[in-house]
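A.B. asks: what's the 3D shape of this:
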Amino acid sequence: MGNRTMSPESRDQLIQLSATISTLRRIRGLSQAEFAEKANVSRALISVIEAPGIAKSFNLDIFFDIARALEVDPADLINGADFIDKITRKKKM
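C.D. replies: As a prediction, the model looks like this:
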């Protein structure tokens, strides 16, 4: 595979995914350490993934573990903002 430069579109999508993960973790009331344990990854990785404005690429295995730890369908992580709006509207009702 080699080193590959990330496209601007992929960078933007990873930044949005990171924001979605961070927001959902907070909605679930999990600290980074608790979330990392639940997702079976290091807290340092969660910290890097959630870092604002940073596009940290990670593999699908980790992506699926993160989705399970957040108790959401992986597609909902991809649809980020729309899914978070749905969750916050339900909580207000």
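
A.B. asks: which of the three states applies to the residue nearest the centre of the chain?
C.D. replies: Residue closest to the average C-alpha location in the chain (C-alpha atoms, centre = their mean): Ile21, at 2.7 Å. For Ile21, the assignment made with DSSP: H, G, I helix; E, B strand; the rest coil gives helix.

A.B. asks: shaky segments in this structure?
C.D. replies: 1-3, 81, 83-84, 88, 90-93 (pLDDT under 70).

A.B. asks: for it, which segments count as strands?
C.D. replies: Taking DSSP state E as the test, none of the chain falls into strands.

A.B. asks: which stretches in it count as helices?
C.D. replies: 8-27, 32-39, 43-50, 60-70, 74-78, 80-92 (DSSP state H).

A.B. asks: which other residues reach the first one?
C.D. replies: It stands for helix 8-27. 6, 32, 35, 46, 49-57, 66, 70, 72, 77-78, 80-81, 83-84, 87-88, 91 (C-beta atoms under 8 Å, 6 or more residues apart in numbering). Backbone N, C-alpha and C define where each C-beta goes, glycine included.
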